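Peer 1: could you work out the structure for the sequence below:
(one chain, ligands or ions: 1)
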Amino acid sequence: MLTLDISKAASFLNEGAIEKYAHSAMQAALALEEKTCAGNDFLGWVTLPTDTTDAFIAEINQCAQRLRQMCDTIVVAGIGGSYLGAKAVIEALSDSFQWLANDKNNPDILFAGNNISEDYLYELQQLLKTRRFGVINISKSGTTTETALAFRLLRKQCEQQRGKEEARQVIVAITDAKKGAARAAADKEGYSTFVIPDNVGGRFSVLTPVGLLPIACAGFDIQKLVEGARDMQAATASGVPFAQNPAALYAATRNALYNEGGKKIEILANYQPKLHFTSEWWKQLYGESEGKDGKGIFPASVDLTTDLHSMGQWIQDGERTIFETVLSVEQSNHIVLVDEDEENLDGLNFLAGKRVDEVNKMAELGTQIAHIDGGVPNLRISIERIDEYNLGQLLYFFEKGCGISGLLLEVNPFDQPGVEAYKKNMFALLGKPGYEAETAAIRARIK
Ligand code: PA5
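Peer 2: Numbering: from 1, shown residues only. Sure, this is the predicted structure:
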């Protein structure tokens, strides 16, 4: 089971500073369950693991099976919460070099619609010319420009290469039940669809078809992912006392460090490159949920030990406004031993017979001690191994921790009004119909 150690953060705070948040953290956990808090129409994610039936998982697996049979490549079009969860889980579970392998058991899962780079889209189009590809178009609003633009190109190419009839069988839409352009196109063209529930916001949607379908297409066990999340739903329920409730403890510690300790930046550190996108997903979850009303811990991340040779100096010695949360994996999935070498030219014989993971673990421990000595409070989240079950736990733990933490911060963790500002300017600059006044105003500003 996932564990959380806050002792090396508590030591930076006055005694009782974290416990001071115990009552409000548990009240927040209860409010999430009873749907009595800010943003209460977006709390479907709280019980999503236990609400997800085996029949629904089977339905997703059936669709994934069809795509897997008909496609060597599946492009997932989506941005923000409509892609990061799937990307995080697929990257964590995949062989690091699978994309180079010749004998593939699974289709390649590629992502698009998360940027507006012409070069990216051109290069994707070129690659797809020789692929039997399908598309999963994911957009809750159905109107997000990045995703809609990529989907327009992908759909056309798919229809050109496979014919309209066959394309229809390999294009799937995951969107709102009724609203939005993605829904309208899906209904008109007869694509298979899955609904993003109204009461689940994008960044909390990884355990809906938004995450589950691409993950199943990649060949991973979504039943186990949901099981892990279910167990974490139970472990973080409002009935679990504060001291044993990892989500409440995490939320309380973050808020104590922010308010009492003056720590404005949280750095999520992993020691497994496969977890890079787990950090990206986490950054979106916490950044978009908490960064509002002039408040919020800035979520940053590093991949270690890689970034000890780039950001290590800053973490050790820079401005002391940071704390570090280490994402630790107890067991590697493979064993690599360091050999004895007769010549010992590299001087590494002292490691002979040890597992590489032991070296990594000592780097982790040594770094933790160094950073604590450097004045960086340290939290440690530990999972048993990287697999579907443990990732399911981790995802739900972070979601629940985020909901509680945002409520402790007294913001609405489930809205994102700030995201609209750039869109308004972009549409005005591009002369979108309906934006005439904004177009005139912005053009006057940039003369
Ligand atoms: O968390 C969120 O709500 C956002 O990050 C959305 O997921 C993102 O903006 C994409 O929105 P949509 O799914 O409507 O295209």
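Peer 1: how many other residues sit next to residue 76?
Peer 2: 29 (other Cβ atoms under 10 Å). Just so you know, the C-beta spots here come from the backbone N, C-alpha and C atoms, and that holds for glycine as well.
Peer 1: doesn't it lie inside a strand?
Peer 2: Yes: under DSSP: H, G, I helix; E, B strand; the rest coil, residue 76 falls within a strand.
Peer 1: distance of it from the ligand?
Peer 2: Using Cβ to the nearest ligand atom, to the nearest Å, residue 76 is found at 12 Å from the ligand.
Peer 1: beta partners for that residue?
Peer 2: Beta-bridge pairing of residue 76 under DSSP bridges involves residue 111, residue 136.
Peer 1: give the contact list for it.
Peer 2: Residue 76 sits next to 83, 86-87, 109-113, 135-136, 138, 214 when contact means Cβ atoms under 8 Å, 6 or more residues apart in numbering.
Peer 1: repeat that with 7 Å
Peer 2: Going by Cβ atoms under 7 Å, 6 or more residues apart in numbering, residue 76 touches 83, 86, 109, 111, 136, 138, 214.
Peer 1: go through those and name the one nearest the ligand.
Peer 2: residue 138 (6.4 Å; Cβ to the nearest ligand atom).
Peer 1: and the residue in the stretch 51-200 of the chain that the ligand sits nearest to, how many neighbours does it have?
Peer 2: Closest approach of the stretch 51-200 of the chain to the ligand (Cβ to the nearest ligand atom) occurs at residue 80, with a separation of 2.5 Å. Residue 80: 22 surrounding residues under other Cβ under 10 Å.
Peer 1: leaving out chain neighbours, which residue sits closest to it?
Peer 2: Closest residue in space to residue 80, ignoring its immediate chain neighbours: residue 202 at 5.5 Å, by Cβ to Cβ, 6 or more residues apart in numbering.
Peer 1: could you measure from that neighbour over to residue 237?
Peer 2: Distance, residue 202 to residue 237, using Cβ to Cβ, to the nearest Å: 24 Å.
Peer 1: out of those two, which sits in the busier spot?
Peer 2: Between residue 202 and residue 237, residue 202 has the larger neighbour count (other Cβ under 10 Å), namely 28 against 17.
Peer 1: pretty sure the more buried one is touching residue 81, no?
Peer 2: Yes: with contact defined as Cβ atoms under 7 Å, residue 202 counts as touching residue 81 (2.6 Å).
Peer 1: got the phi and psi for residue 192?
Peer 2: Phi and psi for residue 192, reported as degrees, to the nearest 10, are phi -60, psi 150.
Peer 1: next one: residue 358 from residue 351, what distance?
Peer 2: 8 Å.
Peer 1: returning to that earlier point: from the contacts of residue 76, which two are the most distant?
Peer 2: Farthest-apart pair in those is 109 and 138; separation 12.4 Å (Cβ to Cβ).
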